[in-house]
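# predicted model follows, preceded by the sequence.
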Amino acid sequence: MSTEDQIDNKEETNEEQVIADSEELEQEDHNEANEFEELNQQYLRLAADFENYKKRMTKERADSIAYGNEELIKEMLNILDNLQRALDHIEESNEAKPLIDGVKLVQKQFLNTLEKFGVQPIDASKGSEFDPIVHQAIEHVESDEVGPGLVLMEMLPGYTLKDRLLRPALVVVAKNSS
């Protein structure tokens, strides 16, 4: 083998080595690009999850502030109901007029205080439309006084706290008389 042949052989080997090295570098670059893309996607998902978490926490905090007293108010509604029952019972007698006026004043103050915190009574007056979302029918009675499907009588008042139902109004609903 002559020197020229050896040099040609070396050049061919070097070219093959350069091509192999080049392909290896391209493969590494491709792997690094894939890894970078994976990490970028993972980062974007994590960032979106964190944004969703922040929004959820903000909403929960706002709900907690708005409806934090809900259980307390539900319990206080029982007291309000008992005040009304006492008034209904006492009003039959004229002897206790000052006592009746005092209890009515307490009841009015109680209602005003609840309204300050967003508690509103549900309309269940005679003749109003029965709404199963805010009314609970405890009886269906034949009646000529109001049309079918309308509230005939409110048995227990219902209340909402802002936009949430605290307690449905218990009502008697009219049906067709046969």
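That came in fine, so what should we check first?
# avg pLDDT for the helix or strand hosting Y43?
In this structure, Y43 sits in helix 3-67 according to DSSP states H and E. Per-residue pLDDT values over helix 3-67 give a mean of 78.
# which SSE is immediately downstream of that helix?
Assigned by DSSP H and E, the successor of helix 3-67 is helix 70-90.
# what's the angle from that following helix to helix 3-67?
Put simply, helix 70-90 runs at 20 degrees to helix 3-67, going by axes from the mean of the first three to the mean of the last three C-alpha atoms, to 10 degrees.
# for helix 70-90, buried residues please.
For helix 70-90, the neighbour count (16 or more other C-beta atoms under 10 Å) marks E70, I73, M76, L77, L80, L83, I90 as buried. No exception for glycine: its C-beta is placed from N, CA and C like everyone else's.
# and the pLDDT for the second one?
With respect to pLDDT, I73 has a value of 85.
# could you check how far it is from I79?
11 Å (C-beta to C-beta, to the nearest Å).
# residues in contact with P157?
D81, Q84, P121, I122, A124, A169 (C-beta atoms under 8 Å, 6 or more residues apart in numbering).
# may I ask which two of the residues you listed are separated the most?
Q84 and I122 (14.8 Å; C-beta to C-beta).
# distance of the residue nearest the centre of the chain from A96?
Note on the chain: the residue nearest the mean C-alpha position is D63, at 7.6 Å, using C-alpha atoms, centre = their mean. Using C-beta to C-beta, we find D63 at a distance of 44 Å from A96.
# same deal with G158?
According to C-beta to C-beta, G158 stands 29 Å off from A96.
# hmm, back to that, export the contacts of P157 to TSV and tack on distance to K55 and pLDDT?
As requested, the contacts of P157 are exported to TSV (distance: C-beta to C-beta, whole Å; pLDDT from 0 to 100):
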residue	distance to K55	pLDDT
D81	39	86
Q84	42	84
P121	34	93
I122	32	94
A124	37	92
A169	35	95
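# from those, which is closest to L39?
I122 (55.4 Å).
# list the contacts of the residue nearest to that closest one when sequence neighbours are not counted.
Ranked by C-beta to C-beta, 6 or more residues apart in numbering and with sequence neighbours excluded, the top spatial neighbour of I122 is G158, at 3.8 Å. Taking C-beta under 8 Å, 6+ apart, we find G158 in contact with P121, I122, A124, V134, H135, Q136, L165, L166, R167, P168, A169, L170.
# okay, G158: pLDDT?
Looking at G158, its pLDDT is 94.
# swap in the one 3 residues further on?
In the predicted model, L161 carries a pLDDT score of 90.
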